[in-house]
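Participant: give me coordinates for this.
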Amino acid sequence: MRLKTKRHEPLTILKAAVVYFAAVFSAGFVLGPIRILLIVLRFGVRVAELMEVPVMLVVIVLAARWLVRKFELAILYGNTRAFDRRAGGSSTRPLKVAELTVCWADALLTRITASSNAIPMRNQPDLFRSV
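Facilitator: Below you'll find the model as predicted:
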């Protein structure tokens, strides 16, 4: 086993953060359509989200534990709070940015499609007019 020096610290943390981001985001990317297509139809939106949370928590914990072993982070840095803040911050920031970007794009597309549906079509009966 080869010990790394402190000069490799930023690069090691960055690699671990990128791998963590890829693992957790891809798990959410796979579980999202499964939740929407299979679980929401049977149980509803809120129950489906609550059923997905424990699965994502397990994925997050397993990914973090695997990365600590793979990149030998515990040997290199020990169990210090400073390392926890650096590694946690550098891995969760890309996740938050990606999630906010997806939410922003969804809201933008919803607004565009809602405004395009407001155009009345010719020779269509007005279904909302009271008789």
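Participant: contacts for stretch 19-30?
Facilitator: Applying C-beta atoms under 8 Å, 6 or more residues apart in numbering, the contact partners of stretch 19-30 are 56, 59-60, 63-64, 67, 70, 91, 94-95, 98. Every C-beta, even on glycine, is put in place using the N, C-alpha and C of the backbone.
Participant: I misspoke; the intended subject was stretch 45-55.
Facilitator: 31, 35-36, 39-40, 43.
Participant: most neighbours out of the contacts of stretch 19-30, which is it?
Facilitator: Neighbour counts for the contacts of stretch 19-30 (other C-beta atoms under 10 Å) peak at S91, which has 22 neighbours.
Participant: and that residue, what's its pLDDT?
Facilitator: Per-residue confidence (pLDDT) for S91: 69.
Participant: ditto for L41
Facilitator: 90.
Participant: likewise C103?
Facilitator: pLDDT at C103 comes out at 84.
Participant: equivalent analysis for L76, please.
Facilitator: pLDDT, read off for L76, is 64.
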